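*Asks:* Just to be clear, the model below is a prediction. Sequence and coordinates:
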Amino acid sequence: KNLSNLPTIILERFNELFSGKHNLTLNEDIHNTFTDKSNKELIDISSNFRVLATCPPNSVTKLSEAVLSRFSVIWIDSYKPNEQEIVLKSYIKTNKLNFDESSISILTKFAEDMNHYFHKYFSFPQIINSIEMCSRLNEIIDDHFKWKENLGIILYRLGFGLLENRSQLSTEISSIFDIKGESQTSNNKALIENKIISSMNIDPLKIESFKGYTVVKSEITGAYVKLAEPKAISTNLAFTAMFSEMLDVLLLGLSINIPVIFEGMPGQGKQTAINYVAQILGYNVINIIISQSTKVDDLLGKITIERDKSNNLRVFFIKTKLVNALESDKESDKSIVVFHNINNASSAVAEVLSTIFDQHQKYLLLPDGSTISKIQLNIVGIFNPQNGIYNRDKFPSSLIYSSIYHVVKNPSNDDIKSVIKMAFKDTKFSQDH
């Protein structure tokens, strides 16, 4: 995937394999772990061996002529509108999704409106993900009369979560969700304006009984997560509109098992929101820090070579806590894996994160060459812009499109006052201080 993102030195390393000889010389095997001392060449590769690669549009120009000469480049055109509708209907039917095919026109009109009002390209993969997320929300809420309402929630979160100034664009957003016949999300205008744009200045998460279960439910979207043991949580948090919105986005992601990415400057309460939701649900939080020096091995494990008592070389693979979490199938092991500072990820690490975040990727390739089957893990990414620079475009598109990406609004003066007031409520400070 994304062949054009590979460094030239890596592509050149495989020239021998891509050539007519179809061999690979392992000069790096200095310990003779995989090859004999006298022969470093892997031969007898199957005649059925093939290499297929994908590239984003217009990225083929990054590849050298030497690399291109070893591939047959095929341009894949975009779907035409009628083809897109046929594909979407087939996708819904094949995957048995809880989605009304008549709402496909709403999705295509929404994509057009995003481009018209905000110059944002709502891609075909995003439309597919919208359908899947809506299907999951329809399944847990289990009320056919709310299917279009649920679609409005998903489209708002996916489409407008990437906008930095949502509160200043309420007129344009309302225009998209206005009622204009069957092509629009009927009855969603009031829902979007009153509940999501305005959010709430109270804790939106409530513990209640629902369909025979004890659940944590959002009063904004109605999404919920089943709760094994109800817990009374005492907190001195200030539930501002921006903080309540984060809680709702996070619970929505957890309820339909879709990764969430929070983008915003430090100090906005992103980690506090995650910890609060985890505390209510009784989940464990696994924090993984991404730095500019983080390598793929740091995330997925390292290969070590040691000599045993007989002086024989032995190869060991040391798994990380992330791999152990991805492999765990214990239903009682409820965890939220938080990737901090994903903006620091190198292109190689970003590709690994893309595989982890993407629900369509069922397997993960480890550094030792083995693969593991991914479980449905609760995943959150935190994007902290450096010096106010937002460079999310460097990420693989699948990393963003497979998540609920939410740009956290900067706190208003009233929000800051509320936080300070709550933090010092048990002191003798007055408002004059």
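*Replies:* Perfect, I can see it now.

*Asks:* Mind checking what secondary structure Ile303 has?
*Replies:* Put simply, Ile303 is strand when judged by DSSP: H, G, I helix; E, B strand; the rest coil.

*Asks:* Which helix in the chain has the most residues?
*Replies:* Using DSSP state H to define each element, the chain has its longest helix at helix 124-141.

*Asks:* got the CA coordinates for that helix in CSV?
*Replies:* C-alpha atoms of helix 124-141 as CSV (Å, rounded to 0.1, in the frame of the first residue of the first chain):
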residue,chain,number,x,y,z
PHE,A,124,-15.8,7.6,-1.5
PRO,A,125,-14.0,5.8,1.3
GLN,A,126,-15.5,8.3,3.7
ILE,A,127,-18.9,7.6,2.3
ILE,A,128,-18.3,3.8,2.9
ASN,A,129,-17.2,4.5,6.5
SER,A,130,-20.2,6.7,7.1
ILE,A,131,-22.5,3.8,6.1
GLU,A,132,-20.6,1.3,8.3
MET,A,133,-20.6,3.7,11.3
CYS,A,134,-24.3,4.5,10.8
SER,A,135,-25.1,0.8,10.5
ARG,A,136,-23.4,0.1,13.9
LEU,A,137,-25.2,3.0,15.5
ASN,A,138,-28.5,1.8,14.1
GLU,A,139,-27.8,-1.7,15.5
ILE,A,140,-27.1,-0.6,19.0
ILE,A,141,-30.0,1.9,19.2
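
*Asks:* List the contacts of it.
*Replies:* 78-79, 84, 88, 91-92, 95, 97-99, 107-108, 111, 144, 146-147, 150-151, 153-155, 158, 222-224, 252, 255-258, 359, 397-398, 401-402, 404 (CB atoms under 8 Å, 6 or more residues apart in numbering). Where C-beta positions appear, they are placed from N, C-alpha and C, glycine not excepted.

*Asks:* Now that we have those, which of them are buried?
*Replies:* Neighbour counting with 16 or more other CB atoms under 10 Å marks 84, 88, 92, 97-99, 107-108, 111, 146-147, 150-151, 153-155, 158, 222-224, 252, 255-256, 258, 359, 398, 401-402, 404 as buried within those.

*Asks:* that older thread, now do the longest helix of the chain, average pLDDT.
*Replies:* Across helix 124-141, pLDDT averages out at 92.

*Asks:* List the ones among the buried ones among the contacts of helix 124-141 that fall in helices.
*Replies:* Filtering these for helices - DSSP H - leaves 84, 88, 92, 107-108, 111, 147, 150-151, 153-155, 252, 255, 398, 401.

*Asks:* Which single one of these is nearest to Asn413?
*Replies:* Nearest to Asn413, judged by CB to CB, of those is Leu252 at 28.2 Å.

*Asks:* Excluding chain neighbours, what is closest to the closest one?
*Replies:* Using CB to CB, 6 or more residues apart in numbering and skipping residues adjacent in sequence, the residue nearest Leu252 is Ala223, 4.6 Å away.

*Asks:* Contacts only, for the one you found.
*Replies:* Ala223 neighbours (CB under 8 Å, 6+ apart): 137, 140-141, 217, 248, 251-252, 255-256.

*Asks:* so which of those residues comes closest to Leu24?
*Replies:* Ile256 (42.8 Å).

*Asks:* Quick check: the gap between that closest one and Leu365.
*Replies:* Computed as CB to CB, to the nearest Å, the Ile256 to Leu365 distance reads 26 Å.

*Asks:* what do you get for Lys1?
*Replies:* Relative to Leu365, and taking CB to CB, Lys1 is found at 11 Å.

*Asks:* got it, and Glu306?
*Replies:* For Glu306, the distance to Leu365 - CB to CB - is 24 Å.

*Asks:* same deal with Gly282?
*Replies:* From Gly282 to Leu365 the distance is 33 Å (CB to CB).

*Asks:* Looking at pLDDT only, which of the ones in helices among the buried ones among the contacts of helix 124-141 scores worst?
*Replies:* Scoring those by pLDDT puts Ser398 last, at 81.
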